[in-house]
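Novice: I need the structure of the sequence given here:
(2 chains)
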Amino acid sequence: MFDKESLKKLEQEKTRWESTTVDKVIKKTPERHEKFYTGSNLEVDRLYTPLDVQELDYMKDLGFPGEYPYTRGIQPTMYRGRFWTMRQYAGFGTAEESNERYKYLLSQGQTGLSVAFDLPTQIGYDSDHPLAQGEVGKVGVAIDSLKDMEILFDGIPLDQVSTSMTINAPASVLLAMYIAVAEKQGVSADKLSGTIQNDILKEYVARGTYIFPPEPSMRLITNIFEFCSKHVPKWNTISISGYHIREAGATAVQEVAFTLANGIAYVEAAIKAGLDVDEFAPRLSFFFNAHNDLLEEVAKFRAARRLWARIMKERFKAKNPKSMMLRFHTQTGGSTLTAQQPDNNIVRVTIQALAAVLGGTQSLHTNSRDEALALPTEESVRIALRTQQIIAYESGVTETIDPLAGSYYVEHLTNLIEQKAMEYIQKIDELGGAPKAIEKGYIQQEIQDSAYRYQQEIESGRRIVVGVNKFQIEEEPPKNLLKVNPEVEKIQKKKLETLRATRDNIAVQNALEELSKKAATDENLMPSIINCVKAYATLGEICDTLRRVFGEYKATVTF
Amino acid sequence: MQETKTIRVLIAKPGLDGHDRGAKVIARALRDAGMEVIYTGLRQTPEQIVEAAIQEDVDVIGLSILSGAHNVLFPRVIELLREKGADDILVVGGGVIPHDDIPYLKECGIAEIFTPGTPISQIVEFIKNNVKK
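Specialist: All right, here's what the predicted structure looks like:
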């Protein structure tokens, strides 16, 4: 983009500036540090100029929004047409309580739902399982059967909202329940839009809610890809999630690298299962984190989009442009929030949300100020939602597409993050792909090393966290935190008792046996799971049936 | 010259919560501080934790939880330690734990609760000063 002559001149001028203007000042007032780093530990120079982006080829590396390689955004007009989906992750206690919170959020201008399930649901246990003790309804809503799901979406028309469900190991069961609830509302599956997280690989490395070993887990995922491509065409069949990888301690570079490496593994598994890449790839979606280093985060989103486009086109020979578009949801960084001076978290979330918007996200969850202490209250969720609305309607950053493009620093960082992430992906390829690299503990170790380094930086004061290791105050413990009703466990147990006494138990047994038989073959399991769900088999019963056929995953422990 | 015994610590994740970044960072930091550290891995029942602690003859158990199940699972660990006559083991806890719950947990016998943002040096110090065995 720059001619050689002017670059040469610029280089001379920069050297002159450093040795005269800068040197004089530095002698008088030295810089704060000898070297500066981004949150990912990439070194930051004093100043960026065209010299740092001289290799940049506009059409090849940036192009136009809505066109390959999608660096500047996946839609031709981005937020000038329509804002991102404002989608607050919510759910706690019983289906009744969560239903009420969803209706509140929709009434406040939220445009999509995002369901948080409790841990027993996420691991395929009913609320009366011994391991569920103390966990029922705590970090999300408890769903034991289709009955609960009917209550959860009562009065919410499923052909008008899109729903994201954070569910992984038992994703096929919850999707089956969602389809069944819609049917009862008179909404056919082809009208449904939403996302299931359904990303098991990151569970093994970062989030821990796995059930089955990798191979049957990957089969369940490709079963969903295939089933949805035929019957639920508007559904996002997976949300390949860097979010949790980042929360576990990864840097921005590692977040991009490990997420896309997992994405590659899903594409390979689906192709191996006989699917055509353009048949399922347009429904793949991604989920990223946004931390405080604003410009690095913006660069991260741009780099991820370009890298995925290149991988899909060059490595997997995708032909449909939609297969090459990296569409992503963003959540602000839970681990960046502090229990100290919780109101400071509102400011952190604002910076992070701004990074997501400047980075071109398709949907956004903003964390609430009290989340380092407990689940958020209705009031703090409202502030978090208002933060998004203020960025959307008042900040002006939505009026033009990709406004930071062309910044010497942002373009340089975008290039650097793409390059460093690609190095990781090559390393993972050498190890035999993401599932093998996870089995060997490579990815886990890299993340743990970054997490430990980050902690040491805080301990040593090299990294400042306002209110934690600088600018501390004596403070009163915060009041008005959300308390989950301790009766939830009892209520759910009672519901299960009634369910088992009133449903057609022979129909349940037959459906479960059918599922068990199919699980031992190569057939797609979605139709059998839908049958089980409609017969009111519980989540635990369905997962136990699959556990007996597939076995359970046992993690190797490292730290 | 008096021989100083190396402090043995079991870091455990009770319940179903799979977020173990904090547990692993603490495990590593305590090891760097010269302690012998065992980490149980995810999804441990109070029974499994207490059994491991007795078998490994540890001086300290560090419980980490973020899911809100602490009021049920932490006291159960203490109860089991008492039943087994192993209540000389120092038990500390950490994670996302509301301030309101801390007095109850301490009453139950958890020696200290460390919430997010606690400097690791403070945790090391506390363990060194309070280890009972």
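Novice: where does residue B:1 land on pLDDT?
Specialist: With respect to pLDDT, residue B:1 scores 50.
Novice: let me fix that: residue A:556
Specialist: 81.
Novice: next one: it from chain B, what distance?
Specialist: 8 Å (CB to the nearest CB, to the nearest Å). Quick note: C-beta positions are derived from backbone N, CA and C, even for glycine.
Novice: what of residue A:313?
Specialist: Residue A:313 sits 35 Å away from chain B, going by CB to the nearest CB.
Novice: check residue A:456 too.
Specialist: 8 Å.
Novice: the helix or strand where that residue lies - contacts with which helices or strands?
Specialist: Assigned by DSSP states H and E, residue A:456 falls within helix A:442-460. Judged by 3 or more CB pairs under 8 Å, 6 or more residues apart in numbering or on different chains; DSSP states H and E, the packing partners of helix A:442-460 are helix A:252-272, helix A:408-430, helix A:434-439, helix B:21-32, helix B:120-130.
Novice: tell me the angle that helix makes with helix B:120-130.
Specialist: 80 degrees (axes from the mean of the first three to the mean of the last three CA atoms, to 10 degrees).
Novice: enumerate the residues of chain B near chain A.
Specialist: B:11, B:15-21, B:23-25, B:27-29, B:37, B:39-43, B:45, B:66-69, B:71-73, B:96, B:98-100, B:115-117, B:119-121 (CB under 8 Å from any CB of the partner chain).
Novice: coming back round to it: output the helices and strands packed on helix A:442-460 as a markdown table; include the columns mean neighbour count.
Specialist: Below are those laid out as a markdown table (neighbours: other CB atoms under 10 Å in any protein chain shown):
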| stretch | mean neighbour count |
| --- | --- |
| helix A:252-272 | 25 |
| helix A:408-430 | 20 |
| helix A:434-439 | 21 |
| helix B:21-32 | 21 |
| helix B:120-130 | 15 |
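Novice: among those helices, which comes closest to residue A:56?
Specialist: helix A:408-430 (5.8 Å; CB to CB).
Novice: residues near the residue of the stretch 401-550 of chain A found nearest chain B, how many?
Specialist: Residue nearest to chain B within the stretch 401-550 of chain A: residue A:477 (3.6 Å; CB to the nearest CB). Close neighbours of residue A:477, defined as other CB atoms under 10 Å in any protein chain shown, add up to 12.
Novice: got it, and residue A:486?
Specialist: Counted with other CB under 10 Å, residue A:486 comes out at 14.
Novice: pLDDT score assigned to it?
Specialist: With respect to pLDDT, residue A:486 has a value of 82.
Novice: so for residue A:378, what's the pLDDT?
Specialist: For residue A:378, the predicted pLDDT is 87.
Novice: neighbours of it, how many?
Specialist: Residue A:378, neighbours per other CB under 10 Å, totals 14.
Novice: ok, the one 4 residues further on next?
Specialist: For residue A:382, the tally of surrounding residues (other CB under 10 Å) stands at 17.
Novice: what about it, which SS state?
Specialist: Look at residue A:382: counting by DSSP: H, G, I helix; E, B strand; the rest coil, its state is helix.
Novice: in which helix or strand does the closest residue to residue A:235 other than its chain neighbours reside?
Specialist: Leaving aside its chain neighbours, residue A:235 sits nearest to residue A:228 (4.8 Å; criterion: CB to CB, 6 or more residues apart in numbering or on different chains). Residue A:228 belongs to helix A:214-231 when assigned by DSSP H and E.
Novice: next one: the helix or strand following that helix to chain centre, how far?
Specialist: Toward the C-terminal end, the helix or strand that comes next after helix A:214-231 (DSSP H and E) is strand A:235-236. Averaging C-alpha positions (CA atoms, centre = their mean, to the nearest Å) puts strand A:235-236 14 Å from its chain's average.
Novice: sheet partners, orientation included, of strand A:235-236?
Specialist: Sheet partners assigned to strand A:235-236 using DSSP bridges are listed as strand A:194-196 (parallel).
Novice: buried ones in the helix holding residue A:456, by neighbour count?
Specialist: A:442-444, A:446-448, A:450-452, A:454-458 (16 or more other CB atoms under 10 Å in any protein chain shown).
Novice: okay if I get those residues as a markdown table plus pLDDT?
Specialist: Shown next, in a markdown table, are the buried residues of helix A:442-460 (pLDDT from 0 to 100):
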| residue | pLDDT |
| --- | --- |
| A:442 | 96 |
| A:443 | 96 |
| A:444 | 95 |
| A:446 | 97 |
| A:447 | 96 |
| A:448 | 95 |
| A:450 | 96 |
| A:451 | 95 |
| A:452 | 95 |
| A:454 | 94 |
| A:455 | 94 |
| A:456 | 94 |
| A:457 | 94 |
| A:458 | 93 |
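Novice: okay, these in CSV with distance to residue A:73 next?
Specialist: Output for the buried residues of helix A:442-460, formatted as CSV (distance: CB to CB, whole Å):
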residue, distance to residue A:73
A:442, 33
A:443, 29
A:444, 33
A:446, 30
A:447, 29
A:448, 34
A:450, 29
A:451, 32
A:452, 36
A:454, 30
A:455, 35
A:456, 37
A:457, 33
A:458, 35
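Novice: now, which of the residues you listed sits nearest residue A:178?
Specialist: Residue A:178 lies nearest to residue A:443 out of the buried residues of helix A:442-460, by CB to CB, at 30.8 Å.
Novice: tell me the contacts of that closest one?
Specialist: Going by CB atoms under 8 Å, 6 or more residues apart in numbering or on different chains, residue A:443 touches A:205, A:258, A:261, A:428, A:434, A:437.
Novice: the second one against residue A:242, yeah?
Specialist: Yes. Judged on CB atoms under 8 Å, residue A:258 makes contact with residue A:242 at a distance of 6.9 Å.
Novice: joint contacts of those two?
Specialist: In contact with both residue A:258 and residue A:242: A:202, A:250, using CB under 8 Å, 6+ apart.
Novice: neighbours of residue A:397, how many?
Specialist: Counted with other CB under 10 Å, residue A:397 comes out at 14.
Novice: that'll do, ta.
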